[in-house]
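Enquirer: below: sequence and its predicted model.
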Amino acid sequence: MWITCIRDNLSRALTAVSRAVSTRSMLPVTQNVLLESSNGQLKITATNTEISISTWIGAKIEHEGSITIPARILTDYVNALVGEEIKIDLLDDPDRVKVLCGSADATINGISSDEFPPIPEVSSSHPAQIDAETFRSSLRRVVIAAATDDSRPVLTGVKVDLSGNRYTLAAADGFRLAVETGSLLSEVGEDIEIIVPAKTFSEIERLLSDGSQNIQMSVDSDSRAAKFKLDSSEVVTSLVQGTFPDYNKLIPENTSTITKVNSENIRQASSAASIFARDGSQIIRLIIDGPENKINVLSKAEDMGENETNIDAQIEGEGTKVAFNSKFLREVLGVLDGQEIIIETDSSSGPGVFRSESNPGYTHVVMPMFVQW
């Protein structure tokens, strides 16, 4: 027998790497997962050649070996089993494995591990060390602003700046900008500026739910690839090449109105308004009334009706009128923590800046929609 391990552990590991499995590729082996014995553990790796995810689980290893197995078949089969312990044996000529669990016995054809694409070696003498929960929270707030279409590839990534003991993440899609600054656990040896695909950071955010304490980030010497090392997993990704916009210039320097509003109230009002905004060009209007210390949240659809909610707020300034895309507004309100949300505005033609005292390093800018008032 080659490997003996706990079935639940194997199932979780296969799920963890599954998002890096290629679904459409001219290279069939990238639809497989690589199983290999590694320092007394079972290492499982998937790659689509742009991102690779590896994870390790405890196992009883009787001899060294490796093979690639179709990811979908192996994952579905392991999840269908009911036994506690699973045994995997290597069979030669052709490459395949025998999987035993309780009374179940299956043989699955594979492909030699020699055909699996090599994972780039990324090492650094001084990798950046980041608290895992802090970084996960930052990713949740920043990645939402990255572009999802490839018309401007550089905007599909998240700009990462490392300097001293600080990190800054920035994402923009041409309509909004999210920037967050946080603390590293130790200083980096040199300043680093890279662009990480937003999809990679989405996967890292998902993996960080495993309870990892810290994350290590290393970048190769030519800034073509980066590695993120978690407690029991590792992600290696290609980096986006290009010049990211100077995001500091996109943050307004002057605002005439500062509004503090209860986060739950503004979320509920925006959620109700979004129902009508669906059929009304996705527009939600905010009328910020400084003298009355109120915000009117409005939306309407010509054929469906209209909605208005009045919310108490603390307003510095005379107030203003501004309209936002419903999706963008609800997404930024959804990631801001704390009891109060701060909205900074200047005019109906200027962007809105969203902050929260609970997230002091975070700034989110949303461009307005031009409407008839």
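Expert: Everything's here; your move.

Enquirer: use CA for all of it now, contacts and neighbours both
Expert: Will do.

Enquirer: and the protein, what are its domains?
Expert: The chain resolves into domains spanning 3-115, 128-248, 252-366 when parsed by automatic domain parsing.

Enquirer: looking at these, which is closest to Trp373?
Expert: Nearest to Trp373 among these is domain 252-366 (8.4 Å), distances taken as CA to CA.

Enquirer: returning to what we had before: nearest to Val122, of the domains of the chain?
Expert: Of all these, it is domain 128-248 that lies closest to Val122, at 5.2 Å by CA to CA.

Enquirer: can you give me the end-to-end span of the closest one?
Expert: End-to-end distance of domain 128-248 (CA to CA, to the nearest Å): 23 Å.

Enquirer: run through the residues that contact the nearest residue in space to Gly305 that is not next to it in sequence.
Expert: With sequence-adjacent residues excluded and distances taken as CA to CA, 6 or more residues apart in numbering, Gly305 is closest to Phe276, at 7.1 Å. Taking CA atoms under 8 Å, 6 or more residues apart in numbering, we find Phe276 in contact with 299-301, 304-307.

Enquirer: and those residues, which are buried?
Expert: 299-301, 307 (16 or more other CA atoms under 10 Å).

Enquirer: tabulate those (a markdown table), appending pLDDT, secondary structure and distance to Leu100.
Expert: Converted to a markdown table, the buried ones among the contacts of Phe276 look like this (pLDDT from 0 to 100; DSSP: H, G, I helix; E, B strand; the rest coil; distance: CA to CA, whole Å):
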| residue | pLDDT | secondary structure | distance to Leu100 |
| --- | --- | --- | --- |
| Ser299 | 93 | strand | 59 |
| Lys300 | 88 | strand | 60 |
| Ala301 | 83 | strand | 59 |
| Asn307 | 93 | strand | 60 |
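
Enquirer: farthest-apart pair in the residues you listed, please.
Expert: Ala301 and Asn307 (9.1 Å).

Enquirer: distance to Trp373 added to the domains of the chain, as JSON lines?
Expert: Formatted as JSON lines, the domains of the chain follow (distance: least, CA to CA, whole Å):
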{"stretch": "domain 3-115", "distance to Trp373": "46"}
{"stretch": "domain 128-248", "distance to Trp373": "21"}
{"stretch": "domain 252-366", "distance to Trp373": "8"}
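
Enquirer: nearest to Glu121, of these?
Expert: Here domain 128-248 is closest among the domains of the chain (CA to CA), at 8.0 Å.

Enquirer: starting at the chain centroid, how far to that closest one?
Expert: Distance of domain 128-248 from the chain centroid (CA atoms, centre = their mean, to the nearest Å) equals 9 Å.

Enquirer: quick one: mean pLDDT over it.
Expert: For domain 128-248, the mean pLDDT works out to 95.

Enquirer: any idea how far Ile287 is from the residue nearest to Lys294 when sequence neighbours are not counted?
Expert: Computed as CA to CA, 6+ apart, the closest residue to Lys294 that is not its neighbour in sequence is Asp312, at 4.6 Å. Distance, Asp312 to Ile287, by CA to CA: 12 Å.

Enquirer: which residues of the stretch 151-300 of the chain fall in helices?
Expert: 198-207, 263-277 (DSSP state H, counting those that start in this stretch).

Enquirer: now the ones you listed as CSV including distance to Thr255?
Expert: Compiled in CSV, the helices of the stretch 151-300 of the chain are given as follows (distance: least, CA to CA, whole Å):
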stretch, distance to Thr255
helix 198-207, 30
helix 263-277, 20
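
Enquirer: which residues in the stretch 1-150 of the chain form strands?
Expert: In the stretch 1-150 of the chain, the segments counted as strands under DSSP state E, counting those that start in this stretch are 3-6, 32-38, 41-47, 51-58, 60-61, 66-70, 85-91, 96-101, 104-109, 128-131.

Enquirer: now, of those, which is deepest in the fold?
Expert: Greatest average neighbour count among these goes to strand 41-47 (a mean of 25), per mean count of other CA atoms under 10 Å.

Enquirer: partner strands of that strand, with direction?
Expert: strand 32-38 (antiparallel), strand 51-58 (antiparallel) (DSSP bridges).
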